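Undergrad: Here you go, sequence then predicted model.
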Amino acid sequence: MGERGITWKQLLDRTREQLAHQYLEDEGLSLLDIALLLGYSDQGTFTRSFRRWSGTTPLVYRKRLLSK
């Protein structure tokens, strides 16, 4: 555990989650682009992580976000 009681893996996961939400606001970025920017090797792995964070897929999240 780190100094603040958080592991490197937890910090990486939280950072990816925050960045994913920001990147999904940019319609110019594809889901594959976002996955690669976050350090994932493919879109499927990103989608599984995003579903774990938010309970939905990145595509559904983006559609909801952009329909507001």
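TA: The structure has been received and is ready for your questions.

Undergrad: is it true that T47 touches P58?
TA: Yes - T47 lies in contact with P58 (C-beta atoms under 8 Å); the separation is 6.0 Å. Yep, even glycine has a C-beta here, placed from its N, CA and C like the rest.

Undergrad: so what sits against both of these two?
TA: Shared contacts of T47 and P58, defined by C-beta atoms under 8 Å, 6 or more residues apart in numbering, comprise L31.

Undergrad: Give me the more crowded residue out of these two.
TA: P58 (22 against 16; other C-beta atoms under 10 Å).

Undergrad: which residues touch the more buried one?
TA: P58 is in contact with 20, 24, 31, 34, 46-47, 50, counting by C-beta under 8 Å, 6+ apart.

Undergrad: Most neighbours out of those, which is it?
TA: Counting by other C-beta under 10 Å, top hit in the contacts of P58: F50 with 26 neighbours.

Undergrad: where does it land on pLDDT?
TA: For F50, the model assigns a pLDDT of 98.

Undergrad: looking at it, it is touching R62, isn't it?
TA: No - shown here, F50 and R62 do not form a contact pair, counting by C-beta under 8 Å, at 10.2 Å.

Undergrad: returning to that earlier point: so of the contacts of P58, which ones are in helices?
TA: Mapping these onto helices (DSSP state H) picks out 20, 24, 31, 34, 46-47, 50.

Undergrad: Greatest separation within the contacts of P58: which pair is it?
TA: Using C-beta to C-beta, the contacts of P58 span at most 11.8 Å, a distance reached by L24 and T47.

Undergrad: which residues touch the spatially most central residue of the chain?
TA: In the chain, the residue lying closest to the centroid (C-alpha atoms, centre = their mean) is A20, at 3.3 Å. For A20, the contact set (C-beta under 8 Å, 6+ apart) comprises 34, 38, 46, 50, 53, 58.
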